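**Q** Give me the fold of what follows.
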Amino acid sequence: MNIKKMKIGIITYHEPISYGAHLQCLGLQMYLKEIGCNPEIINYSKKAYLELRNTKRTKTLINRILNVLKDPITFLKAKNNAKKIEKEKKKFKELLNDRNRKFEEFEKMYYILSKKRYEKYSELKENCPEYDAYICGSDQIWNPSFNDMDDNYFLGFAP
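**A** Numbers count the residues shown, from 1 in each chain. Coordinates of the predicted model:
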């Protein structure tokens, strides 16, 4: 098959409120278009990640405890920062809502998303989207603190 005609499914974190995540996602999509492919971001919802996290609570808890034991100072700093942020959120709720809305507008304007939105972890495996090739990406898929080893991000759903 000619690479220039390939339909490519990208699975990555595409919904977080993170400039880096959005830029890497858009950058990959733009590069694939530039070389003649037809990229599409698999619309895998944050809800699916949360569902998986809830089913693996014990493993998640153990991983977090181990991370705290490895580096308690970083944990305490992060905990203090989280408390400060939570207090500030109340003061800046309108600004945060505006920021979140802008991220959503960015996604709608620039992302080529799959028509189907996968709201559950199992849904992607049960109804695998068809592509000529699949790409998993962003550095964050390798971060066990974020994905709890969601194998969908490692193409566990793909043929």
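
**Q** Buried ones in the host helix or strand of residue 8, by neighbour count?
**A** In this structure, residue 8 sits in strand 7-11 according to DSSP states H and E. In terms of neighbour count (16 or more other CB atoms under 10 Å), strand 7-11 has its buried residues at 8-11. From N, CA and C alone the C-beta is placed, and that goes for glycine too.

**Q** pLDDT below threshold where in the protein?
**A** 1, 49, 52-61, 68, 144-149 (pLDDT under 70).

**Q** what about the helices in it?
**A** For the chain, the helices defined by DSSP state H cover 19-34, 46-55, 57-70, 72-91, 93-110, 121-126, 144-147.

**Q** okay, the angle between the longest one and helix 93-110?
**A** I take that to be helix 72-91. Put simply, helix 72-91 runs at 100 degrees to helix 93-110, going by axes from the mean of the first three to the mean of the last three CA atoms, to 10 degrees.

**Q** how far is helix 72-91 from where the chain is centred?
**A** Chain-centre distance of helix 72-91: 22 Å, with CA atoms, centre = their mean, to the nearest Å.
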